[in-house]
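Q: pasted the sequence and its predicted model underneath.
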Amino acid sequence: MGLLSDPNRRRALISLLTRLNAPICVVCYMAGVAWFMGLAFEPFTLRTYMSENAMGSTMVEERFPAGERALGTGREFSAHKKKAGGMPVDWLVKTMQSRGLEVFTQRFSRRLPFPDEDKERYMVKGTNVYGILRAPRAPRTEALVLSAPCSPGDDNNQAVGVLLGLAQYFRNQVFWAKDIIFLVNEHDLIGMQAWLEGYHHTNTTGMDWSPLQGRGGSIQAALSLELSSDVVTSLDLVLEGLNGQLPNLDLANLFYAFCQKIGVLCTTQGKLQRNDWDSVSGYSHAVQTMMLMVMKQASGRPWGDHGLFLRYHIEAATIKGINSFRQYKTDATTIGRLLEGMYRKLNNLLERLHQSYFFYLMPSLSHFVSIGYYMPAFGLLALILLLRALDLWIQLATPPPGVLSVLTPLVISHLTGVALYTLPIHFQEIAVEHFPVSETEAVVLTAIAVYTAGLALPHNTHRLLTGRGTENGWKVLKLVAVLYLAVLLGCTALINFSLGFILALTLVPVAAFVTPDLCSATPACTLLFSVFLFQELQEMPVSFLDGWMLYLSVISQGILDHALYGSLVYPLVALLVYPCWLLFWNILFWK
Amino acid sequence: SHAAIKIQPMRQFFSSGHTNNWAVLVCTSRFWFNYRHVANTLSVYRSVKRLGIPDSHIVLMLADDMACNHRNPKPATVFSHKNMELNVYGDDVEVDYRGYEVTVENFLRVLTGRLPPSTPRSKRLLSDDRSNILIYLTGHGGNGFLKFQDSEEISNVELADAFEQMWQKRRYNELLFIIDTCQGASMYERFYSPNLMALASSQVGEDSLSHQPDLAIGVHLMDRYTFYLLEFLEDIHPSSKANMNDLFKVCPKSQCVSTPGHRTDLFLRDPGSALITDFFGSVRKVEITMETINLTEPIHFVNEERQKETYSYVDQLPVSEIIHQKPKQKDWHPPDGFILGLWTLILLVFFKTYGMKHLKHIF
């Protein structure tokens, strides 16, 4: 007879499961964490390689000569920007036209749900300027984008200068098979969102923008350039986009290949690669790089202007120029050559990038871990929840009070979640009237207030719960809650592995072992802890007070990201993770 | 007597038995990164034209247009040597099958002559039993197949059968088959028709490698085997006496990295007696003689070993097929095994059901 159909063997298996449940759960948790930490260990990773045949190797000859002239243009741009007090639209249009591009502008405006204190804006009005370099002999079916943000102050002037210099150089070449769009966007992500929505004729975030007059075909790849100094010591590649989406690994491979060919120092997460993977410090360096990527991906916000392209299935990355105190400096001509080489290779593409991985983690720029290797770490954590559910199911041998008894806590938790999602923004005016706080603080504090109120619910609503006082009542609730959490975390990990993993790491142990009168942590603690860890990893540790301020700003940014770009982290946490957590909280206070 | 003595020099003229030359040059891959396959084919085309075969006797099939590709920094050129030393596209290239017309079906139809009546002459291989044909294939291949255009393949069995059809229709006198792909030797393994000689750039299990990239254009320009073949052919002129054994030595392993192979067992002559120009060029032998030859007397051939059926040139055009059509006779065939078996089964079932005693009622 089979293992599961033979009653004797089944009984033995069941008794094994119930006896050893807690130890197996602990072992699984340790194994999951160890697996995750092991991902950064170099022998377990793969070297990056170009998967796309059409892009081939780096065999092109880069001949961009005009780095100094590009920097001069950047200085002109800076002067006009100061004079105009924002985007110098007329000067940009005239300059791009003189370089032979077809120039168009787009106006956009947006009122944020509440003022953004990090970037100090509330009513945003701006203009995007973009010029299209038409391919001399090709039909206008495909396009590539090079963008540089127009930032307030002295930032990114050199980026716009290099962009205009490249535009002039590219215009003189005959080998372009795709249109190249040179975009200067104002108000960074908001402007980029307006441009993309206009280009693709979608309106998902309720922004006001004027339609685009000129178009270039479907965009195959995009690069965003951030350069704020005349010389750089290294180039940083930023990959994480909205909702933790990543571009195709081939784009990172292309960047790395050209960095090696031209001899520029390249980094990811701002950390330089090390060769001593077998030493403790080398390994911890790789772990730090990977953890930074995980944290950035989990936050679900776009970390560069490229992040919004990914939603439209356009592979995009941001290249940041970093000027640190290193002796060997790279000048603008070399950066121009690197970009020229990358664009020549992207020009050779026949289809969208799809040969390489879309889900990966990078402990360094030359090594990666693909989804097949990192998923088991999450799987082991999800296994704990399933084992717990099995254990509870076996314990509930006698007919339980019925699943309906669980319905009340479920409904109440979800209503609280809905409150957490909607109340902060809606009640900010009332809060500002009654309390001496700014709108942003009002929103954040309302959110925290609703959260804490939710935590107090079990004390007040336990009268409504049927089956209270019975031993099995809370077990039914726990079974449902554990399965709900498993499904939720599983779905999250599929879309955004980092978010799913971090939530699992902190929520699963407590969810597995919660019983009445055992204390537990909350998702808010997860967030707080993550903020501190993130700052540590970036080698900018903060004091507790600063950390708390950062924590509040993270909450407000999360709500803003959701309203402005459609980031899903805030609704996920408010509408799904928080109610699921409240179910466990209910069990804690079961009487 | 007097005429018989003069026969001897004439035999020297026709020692190879062919009177005209054809070439079928095929590049089977498309896309910009397969630039080198088009350059390969065009460089063989260039050599063949230089040695005398005219465009009317060359069927050139290129699966993609590299010269006018949007990504070509030097439009209207295809280079075979880096630093733009040699432009094999030139200004008198005549491509017969271009782009999506290069398919397995069209290739086999060209070889076997089974083309629809509307096909123009430039797209036909109008060879006869006195033609020496050079067939050159290049592209991406594997063990036993060659890939056409990223969507279909031709197998070595199909190719061998096509050559056998050509032999039975007397469409060639001798045929030289050159292939420059990965595992190219597998494509000539299955040949079984006489008078075939084959060369390949690599053995089964080996990859044929590309030669040199040009950084200004951004692609590899040629494959190694054809590059060294081109260098070898540049030294051949119409009156050169280089023979096939020299061709077999082109591109040894030190230069090609792969091991080129060749097959001569089906070739009836000794390869050393076959000149390069027998296949690559179109050579008109002219010899000035000071003696008079009496043409009124009938010429008696002494010890004629070669008895060949002659097919006239026009018989290959489909018009002749229509004019000379005869009704086909249907032969009587004995019944198939299947039908016999079926009847046996029916009888057995009948007798089992009704018993043997009914036999007497039937017969």
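A: Ah, there it is.
Q: any low-confidence regions in the stretch 151-300 of chain B?
A: B:285, B:297-300 (pLDDT under 70).
Q: in the stretch 51-200 of chain B, which residue sits nearest chain A?
A: The stretch 51-200 of chain B approaches chain A most closely through residue B:70 (3.6 Å), counting by CB to the nearest CB. Where C-beta positions appear, they are placed from N, C-alpha and C, glycine not excepted.
Q: now do that residue, the pLDDT please.
A: Listed pLDDT for residue B:70 reads 91.
Q: count of neighbours near residue A:397?
A: Neighbour count for residue A:397, taken as other CB atoms under 10 Å in any protein chain shown: 8.
Q: where's it, which helix or strand?
A: Residue A:397 is part of no helix or strand when elements are defined by DSSP states H and E.
Q: distance of it relative to residue A:472?
A: Taking CB to CB, to the nearest Å as the measure, residue A:397 falls 10 Å from residue A:472.
Q: circling back to that earlier point, surely the residue of the stretch 51-200 of chain B closest to chain A is in contact with residue A:177?
A: Yes - between residue B:70 and residue A:177 there is a contact at 3.6 Å, judged by CB atoms under 8 Å.
Q: keeping just the C-alphas, turn the longest helix seen in chain B into CSV.
A: With secondary structure taken from DSSP state H, chain B has its longest helix at helix B:337-354. Provided in CSV are the C-alpha atoms of helix B:337-354 (Å, rounded to 0.1, in the frame of the first residue of the first chain):
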residue,chain,number,x,y,z
GLY,B,337,-0.7,-8.3,-49.0
PHE,B,338,-3.2,-6.2,-47.1
ILE,B,339,-6.1,-7.1,-49.3
LEU,B,340,-5.1,-10.8,-49.2
GLY,B,341,-4.9,-10.7,-45.5
LEU,B,342,-8.3,-9.0,-45.2
TRP,B,343,-10.0,-11.6,-47.3
THR,B,344,-8.4,-14.4,-45.3
LEU,B,345,-9.7,-12.8,-42.1
ILE,B,346,-13.2,-12.5,-43.5
LEU,B,347,-13.2,-16.1,-44.6
LEU,B,348,-11.8,-17.4,-41.3
VAL,B,349,-14.5,-15.5,-39.4
PHE,B,350,-17.2,-16.8,-41.7
PHE,B,351,-16.1,-20.4,-41.2
LYS,B,352,-15.7,-20.1,-37.5
THR,B,353,-19.1,-18.7,-37.1
TYR,B,354,-21.0,-21.1,-39.3
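Q: okay, and the common contacts of residue B:70 and residue A:177?
A: A:135, A:137-138 (CB atoms under 8 Å, 6 or more residues apart in numbering or on different chains).
Q: out of these, which one sits closest to chain B?
A: Nearest to chain B among the shared contacts of residue B:70 and residue A:177 is residue A:138, at 4.1 Å by CB to the nearest CB.
Q: the strand or helix carrying residue A:448: which residues count as buried?
A: Using DSSP H and E, residue A:448 maps to helix A:439-461. By 16 or more other CB atoms under 10 Å in any protein chain shown, the buried positions in helix A:439-461 come out as A:439-448, A:450-451, A:454-455, A:457-458.
Q: now do the helix or strand following that helix: which elements does it pack against?
A: As assigned by DSSP H and E, the chain's next helix or strand after helix A:439-461 is helix A:471-495. Applying 3 or more CB pairs under 8 Å, 6 or more residues apart in numbering or on different chains; DSSP states H and E, one finds that helix A:471-495 contacts helix A:371-395, helix A:404-426, helix A:497-513, helix A:578-588.
Q: circling back to that earlier point, now the buried members of the shared contacts of residue B:70 and residue A:177.
A: Going by neighbour count (16+ other CB under 10 Å), the shared contacts of residue B:70 and residue A:177 have A:135, A:138 buried.
Q: just the shared contacts of residue B:70 and residue A:177 that are near chain B?
A: Near chain B, judged by CB under 8 Å from any CB of the partner chain, the entries from those are A:135, A:137-138.
Q: now the residues you listed in TSV, with distance to residue A:17 and secondary structure?
A: Converted to TSV, those look like this (distance: CB to CB, whole Å; DSSP: H, G, I helix; E, B strand; the rest coil):
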residue	distance to residue A:17	secondary structure
A:135	65	coil
A:137	69	coil
A:138	64	coil
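Q: per-residue confidence for the closest residue to chain B within the stretch 351-500 of chain A?
A: Taking CB to the nearest CB, chain B has its nearest neighbour within the stretch 351-500 of chain A at residue A:351, 10.4 Å off. Listed pLDDT for residue A:351 reads 90.
Q: got it, and the one 10 residues further on?
A: What the model reports for residue A:361 is a pLDDT of 93.
Q: residue A:2: which of the ones next to chain B among the shared contacts of residue B:70 and residue A:177 is nearest?
A: Taking CB to CB as the measure, residue A:2 sits nearest to residue A:138 out of those, at 62.9 Å.
Q: flag the shaky bits of the stretch 401-550 of chain A, pLDDT-wise.
A: Counting by pLDDT under 70, the low-confidence segments of the stretch 401-550 of chain A come to A:401-403, A:459-471, A:517-521.
Q: gap between the closest residue to residue A:44 other than its chain neighbours and chain B?
A: Closest residue to residue A:44 apart from its sequence neighbours, by CB to CB, 6 or more residues apart in numbering or on different chains: residue A:38 at 5.7 Å. Distance of residue A:38 to chain B, given as CB to the nearest CB, to the nearest Å: 36 Å.
Q: quick check: residue A:38 touching residue A:32?
A: No - counting by CB under 8 Å, residue A:38 does not reach residue A:32; the two are 10.7 Å apart.
Q: and the stretch 201-350 of chain B, which residues reach chain A?
A: B:213, B:215-216, B:218-220.
Q: rewinding a little: list the buried ones in the longest helix of chain B?
A: Result for helix B:337-354 [16+ other CB under 10 Å]: no buried residues.
Q: how about stretch A:480-497?
A: A:480-486, A:488-490, A:492-493, A:496-497.
Q: make TSV out of these and add distance to residue A:131.
A: Formatted as TSV, those follow (distance: CB to CB, whole Å):
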residue	distance to residue A:131
A:480	58
A:481	56
A:482	56
A:483	55
A:484	52
A:485	51
A:486	51
A:488	46
A:489	46
A:490	46
A:492	41
A:493	42
A:496	35
A:497	38
